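Trainee: Turn this into a model:
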Amino acid sequence: MNPVLKVENLQKYYKTKGAVTKAVDNISFEVQRGEYIGIMGASGSGKTTLLNCISTIDHATAGRIFINSRDVTSLNEKKLARFRREELGFIFQNFNLLDTLNGRDNIALALAINGVEVRNIPRLIEQVAADLEISAILDKYPYEMSGGQQQRIACARAIVTKPSLILADEPTGALDSKSAGMLLDSLSLMNEKKEATILMVTHDAFTASHCKRILFIKDGKIFNEIVRGAKSRKLFFDEIMQVISFLGGDKGHAF
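Mentor: Sure, this is the predicted structure:
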């Protein structure tokens with residue numbers, strides 16, 4: 001079975017004032033369909049740069065990235081724009097909803113951009129809203145929603161087009177603990193019920209404990225990897241905390 005994501009010998013360099021910084025240093029890994037992967041690391045470790053390269057927002061200096069066996073590092077800007085629209089779903093820290101559209105229309109916009117027939121859009125919205133338990137807020141505007149509600153609308157927008165890979169960048173970073181918990185439940189539901197493949201960058205151990213596998217990045221390299229397997233989330237959290245303590249990073253929330 002081909003992986004949804006395959007990263008091969010990825011490198012990313014930045015030049016600033018005559019100096020060269022290696023943000024991503026020869027990273028390789030794979031993500032299989034239906035996996036829920038977390039990427040953790042201290043500030044400046046390269047985890048966000050890695051996500052930006054995978055999302056095609058940034059260009060790798062060297063190495064290759066395959067999504068559904070397609071080498072995205074070889075695509076031109078026009079093909080990349082179409083590829084992002086058709087194959088990737090995005091969940092951002094700051095929601096990125098359009099304030100002039102209600103929840104229903106924010107989700108509908110993703111479908112319309114992808115060329116879904118107008119007659120099919122209401123049904124698809126109702127389905128994803130029921131799955132994520134947000135039917136009651138579809139007609140609210142972002143300013144009428146809590147942060148957690150906005151982020152769950154953003155989740156629905158990300159998954160409604162059935163992308164091959166969902167990329168989440170610190171999705172709980174702007175949420176209080178209750179809203180964060182609701183969002184994480186939604187992500188787990190997307191993964192388990194819809195078999196969504198999720199790659200999430202986070203600095204928070206509690207958030208990461210909802211994942212099934214964690215890659216720890218240090219100085220632009222994969223430093224460690226742990227798998228949840230049959231462990232309880234509490235035991236997995238404790239294991240994550242041990243690695244973070246060794247790295248000297250942010251411990252985040254506790255149970």
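Trainee: any idea which helix or strand of the chain has the worst average confidence?
Mentor: helix 177-193 (a mean of 88; mean pLDDT, DSSP states H and E).
Trainee: which residues in this protein form helices?
Mentor: Counting by DSSP state H, one finds helices in the chain at the ranges 47-54, 77-87, 103-113, 121-132, 147-159, 177-193, 205-208, 233-247.
Trainee: can you tell me which of those helices comes nearest to I27?
Mentor: I27 sits nearest to helix 47-54 of all the helices of the chain, at 6.4 Å, using Cβ to Cβ. From N, CA and C alone the C-beta is placed, and that goes for glycine too.
Trainee: Just the pLDDT for the spatially closest residue to S179 that is not a sequence neighbour.
Mentor: Nearest in space to S179, with sequence neighbours left out and distances taken as Cβ to Cβ, 6 or more residues apart in numbering, is G148 at 2.7 Å. At G148, the model reports a pLDDT of 89.
Trainee: pretty sure G148 contacts L184?
Mentor: No: look at G148 against L184 with Cβ atoms under 8 Å: they stay out of range, at 10.2 Å.
Trainee: More neighbours: which of those two?
Mentor: The residue with more neighbours, out of G148 and L184, is L184; 22 against 19, by other Cβ atoms under 10 Å.
Trainee: Tell me who's in contact with the more buried one.
Mentor: L184 is in contact with 172, 207, 210, counting by Cβ atoms under 8 Å, 6 or more residues apart in numbering.
Trainee: The first one touches S186, doesn't it?
Mentor: Pointing back at T172 there. No: using Cβ under 8 Å, T172 is not in contact with S186; the gap is 11.0 Å.
Trainee: Just give me the neighbour total for E86.
Mentor: 14.
Trainee: gap between the residue nearest to it when sequence neighbours are not counted and N102?
Mentor: Nearest in space to E86, with sequence neighbours left out and distances taken as Cβ to Cβ, 6+ apart, is N114 at 6.5 Å. Separation of N114 from N102 (Cβ to Cβ, to the nearest Å): 20 Å.
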